[in-house]
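[1] Provided below for reference: sequence and predicted model.
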Amino acid sequence: MTPMEISGSINMIGYALATLGPAIGVAWIFSSVINGTARNPEARGSMMGTAWIGFAVVEALAIIGIALAFVLTGALTA
């Protein structure tokens, strides 16, 4: 195994660990909506709109992270 293959593997392990952040973020967003809906059912509609926007932002960060992981892996092997 060459050093380039090892560093590429380490890069993907780093991204795998970095996915924990978006996963926790999505869990917090929707747990807050569930908690808010339980406290005030009439506000569910406005909370869900905000939750979907937050979900999209968090997932966009995860997609940017995987794109950068592949770019860095490609740069290391070139």
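    On my side now, so go ahead.
[2] From here on, just use CA atoms for contacts and neighbour counts.
    Fine.
[3] residues in contact with stretch 51-64?
    Outside of stretch 51-64, the residues within contact range by CA atoms under 8 Å, 6 or more residues apart in numbering are T19, P22, G25, V26, I29, F30, V33.
[4] out of those, which one sits closest to G49?
    V33 (10.0 Å; CA to CA).
[5] can you pull the buried residues of the longest helix that the chain contains?
    In the chain, ranked by residue count with DSSP state H as the criterion, the top helix is helix 44-77. Residues of helix 44-77 classed as buried: 47-48, 51, 54-55, 58-59, 62, 65-66, 69, 72-73 (neighbour count, 16 or more other CA atoms under 10 Å).
[6] And for stretch 32-40?
    Neighbour-count burial for stretch 32-40 [16+ other CA under 10 Å]: V33, I34, T37.
[7] contacts for that stretch?
    Applying CA under 8 Å, 6+ apart, the contact partners of stretch 32-40 are A43, R44, M47, M48, A51.
[8] Give me the distance from it to the chain's centre.
    23 Å (CA atoms, centre = their mean, to the nearest Å).
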